[in-house]
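# Sequence plus the predicted model coming up.
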Amino acid sequence: MNDVMKHKIKHNLHRGIVSVKWVIFAILVGSLVGLCGTAFYFGLTLVTVLRTQNPWLLYLLPVGGLAIVASYQLLHNEKDTGTNLVISAIHSDDELPLRMAPLIFISTLITHLFGGSAGREGAALQMGGSIGNALGKLFRFDEKDKHVMIMCGMSAAFSALFGTPMAAAILPMEMVSVGIMYYIALVPCVISSLVAHGIAVSFGISGSLFSLGSIPDFGILPAIKISFLAVLSALVSIIFCIMLHKSEELYKRFFNNAYLRIFIGGCIIIVLTLLVGNHNYNGAGTDVIRQCIHGNVIPVAFLLKMLFTALTLGAGYKGGEIVPTLFVGASFGCLFGNLMNFSPSLCSAVGMTAVFCGVTNCPITSLLISFELFGYEGMPYFLLATALSYMLSGYFGLYRSQKIVYSKYKTNYINKMTQ
């Protein structure tokens with residue numbers, strides 16, 4: 001046997017060992033994070049029911065905010081930047097502490113219990129990423145392999161909580177650096193996503209599947225209408241990102257103390273809720289999304305949700321931005337459909353997809369989410385809206401640690417952070 005043949009055998013053996021390693025650890029991450037994500041789901045369900053049955057809990061939101069700040073300071077995690085830190089840990093080797101997992105778990109439950117406007121999937125990404133990173137450290141992985149473990153954890157948590165395993169597998173690989181994909185993580189992320197989803201399903205958690213009813217045939221006029229919706233949705237996504245970032249800056253400018261900042265923010269949410277006259281904009285707002293799919297929405301719903309969410313998260317309350325983004329997209333799309341007399345249900349779904357794509361800069365994930373939530377019948381509409389929203393949303397994004405590696409408009413390497 002010559003040296004070339006020996007080298008090939010050795011190389012193939014090494015690849016086989018690496019493949020088996022990632023299958024094993026992907027199953028491990030998917031199982032552990034899937035269990036944590038399932039517990040998180042039931043916890044959120046419980047506190048949402050408690051808040052719905054006891055509307056007076058809203059008045060304790062400022063007190064809950066104080067508890068959140070105190071818990072982060074107690075564990076010396078005051079400078080936590082949430083999902084931004086998870087993304088930075090992948091491409092900048094920033095430290096991602098394990099204590100992020102219990103902190104975001106508890107603080108998100110507090111935010112939802114007392115009526116802050118926030119989601120859950122963003123929190124899941126933080127929880128899953130920190131657990132994945134901790135496992136990487138435990139088994140003494142090098143930095144690059146720890147990055148894959150973080151992405152595995154993110155996929156598993158998103159899949160368990162949201163019930164979209166295809167989108168969950170791709171999201172971490174796509175969102176970290178816009179313009180390139182971390183394909184090395186494909187197999188581990190797919191396996192961890194499917195394992196976590198299987199665990200969630202075994203506990204009775206099923207993903208949301210919305211029925212859009214009769215979908216209009218795709219043609220020139222419907223395509224023009226959906227294109228117009230996609231252009232407007234890209235604009236909405238930019239405005240939402242600006243509101244989220246500016247609200248945090250304004251809070252810090254006027255209230256330097258974290259305790260005062262979050263207390264004032266809670267009081268503002270209470271006043272806004274009383275002025276609105278209902279609790280539709282507190283919590284995640286999944287029920288309102290379902291109403292939008294059925295064609296029912298008030299014209300200012302998307303603006304109110306953006307305002308509530310920006311004022312909640314900007315003050316320092318914890319939670320995700322993704323479900324509020326879907327709320328904004330669905331309510332705006334439904335409004336557009338009613339005004340244009342064009343299938344409000346389909347426009348709600350397209351609005352959700354387009355706004356999500358605009359704020360995350362993840363077109364493939366957005367397309368997969370649309371398929372998993374609404375089925376494949378509306379594929380041409382989702383495909384067109386996703387492409388246009390991605391291009392026209394510019395370099396804005398929910399997460400300032402997200403890098404735009406390649407330009408959206410030319411084949412240029414730009415390597416800049418989102419705005």
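Thanks, I have the structure now.
# what sits up against the helix-or-strand element of the chain with minimal mean pLDDT?
Counting by mean pLDDT, DSSP states H and E, the chain has its least confident helix or strand at helix 83-91, which shows a mean of 74. Contacts to helix 83-91, defined as C-beta atoms under 8 Å, 6 or more residues apart in numbering, come from residues 81, 94-96, 100, 122, 125-126, 129-130, 133, 147, 150-151, 154, 172, 175-177, 320, 398-403. Where you see a C-beta, it was placed from the backbone N, CA and C, and this is true even at glycine.
# out of these, which are inside strands?
Residues of the contacts of helix 83-91 located in strands (DSSP state E): 177, 403.
# Narrow the contacts of helix 83-91 to those that are buried.
Those of the contacts of helix 83-91 that meet the buried threshold are 96, 100, 122, 125-126, 129-130, 133, 147, 150-151, 154, 172, 175-177, 320, 398-403, by 16 or more other C-beta atoms under 10 Å.
# and residue 177, bridged to which residues?
Here residue 177 shows beta-bridge partners residue 403, assigned using DSSP bridges.
# Now do it, the pLDDT please.
Model confidence at residue 177, given as pLDDT, is 82.
# Wait, it touches residue 399, no?
No: checked against C-beta atoms under 8 Å, the pair residue 177 and residue 399 is beyond contact range at 11.6 Å.
# How about residue 179: what's its closest non-neighbour residue?
In space, and not counting its chain neighbours, residue 179 is closest to residue 406: 3.1 Å by C-beta to C-beta, 6 or more residues apart in numbering.
# Also residue 369?
Closest residue in space to residue 369, ignoring its immediate chain neighbours: residue 167 at 4.3 Å, by C-beta to C-beta, 6+ apart.
# Which residues outside the helix or strand harbouring the one you found are in contact with it?
Element membership for residue 167 (DSSP states H and E) is helix 165-175. The contact list for helix 165-175, computed with C-beta under 8 Å, 6+ apart, reads 87, 90, 125, 150-151, 154-156, 158-159, 162, 181-183, 185-186, 189-190, 192-194, 196-197, 360-362, 364-366, 368-369, 371-372, 399, 402.
# and it with helix 83-91, angle?
Helix 165-175 and helix 83-91 meet at an angle of 70 degrees, taking axes from the mean of the first three to the mean of the last three C-alpha atoms, to 10 degrees as the criterion.
# ok, how many other residues are close to residue 60?
When neighbours are counted by other C-beta atoms under 10 Å, residue 60 registers 17.
# OK, contacts around it?
Taking C-beta under 8 Å, 6+ apart as the criterion, residue 60 is in contact with residue 114.
# and it, that's in a helix?
Yes: applying DSSP: H, G, I helix; E, B strand; the rest coil, one finds residue 60 inside a helix.
# Can you give me the distance of it to residue 50?
As defined by C-beta to C-beta, to the nearest Å, residue 60 lies at a distance of 11 Å from residue 50.
# picking that back up, from the contacts of helix 165-175, which would you call buried?
Applying 16+ other C-beta under 10 Å to the contacts of helix 165-175 flags 87, 90, 125, 150-151, 154-156, 158-159, 162, 182, 185-186, 189-190, 192-194, 196-197, 360-362, 364-366, 368-369, 371-372, 399, 402 as buried.
# so where do the strands sit in the stretch 301-419 of the chain?
403-406, 413-417 (DSSP state E, counting those that start in this stretch).
# mind listing which of the buried ones among the contacts of helix 165-175 are in helices?
87, 90, 125, 150-151, 154-156, 158-159, 162, 186, 189-190, 192-194, 196-197, 360, 364-366, 368-369, 371-372 (DSSP state H).
# I'd assumed residue 413 was in contact with residue 180.
No: the pair residue 180 and residue 413 does not pass the contact test of C-beta under 8 Å, sitting 10.0 Å apart.
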